[in-house]
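> Show me how the following folds:
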Amino acid sequence: MQTPKPEFMIATILVPIDFSDGSRGALRYATSLAQTFRAKVIIFHAIETLSYGMTESLQWTDLYANIKTIVDPLLENAVRDLRDVGVDAIGASSRGAADDEIVKRAKEEGADLIVMGTHGRRGLRRLFMGSVAERVVRLAPCPVLTVGEPGVPSGE
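Below is the predicted model of the structure:
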């Protein structure tokens, strides 16, 4: 008797990361899923910058390039950590609003699942800051698994 093919496969997991404890927790969760399903993990960071920036001396500066020099090594370290435990992983970044870039990358990569952390904001903080995770859940082309920050009560 032939084993039935699963209806849903998880071959590619997109993990948006902002390098906070919450997003690192989501990465650990995604790592476990990737090991279980032998899935590839894409660790992704969206770099949000103003269209321009100035230093105190009024010199123009390229914020994106400056931030990218910090983000790239962090992504490389995260990728190396996953590869060290046998997970196929790559790192990627792009410039733009986090929610838009996450959804765009999920579509481009054909992600089967997005695993991302939440910050659990409520009330006025949520009204003013919004929720990247909430917008991604609404717009994503695939299921989204949100992982709360360990030890932080909801709403903190």
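
> who does the residue nearest to Met116 when sequence neighbours are not counted bridge with?
Closest residue to Met116 apart from its sequence neighbours, by CB to CB, 6 or more residues apart in numbering: Pro16 at 4.8 Å. For every residue, glycine as well, the C-beta is placed using N, CA and C. Pro16 has these beta-bridge partners by DSSP bridges: Phe44.

> For Leu33, see how far away Pro16 is.
Separation of Pro16 from Leu33 (CB to CB, to the nearest Å) stands at 15 Å.

> what about the two, which has more around it?
Legend: neighbour count by other CB atoms under 10 Å for Pro16 and Leu33, higher for Pro16 (27 against 17).

> Now do the contacts for the more buried one.
Ser23, Phe44, His45, Ala46, Ala98, Ile102, Ile114, Met116, Val132, Val136 (CB atoms under 8 Å, 6 or more residues apart in numbering).

> Now do the SS call for the fourth one.
The one in question is Ala46. strand (DSSP: H, G, I helix; E, B strand; the rest coil).

> how many other residues sit next to it?
By other CB under 10 Å, 22 other residues sit near Ala46.
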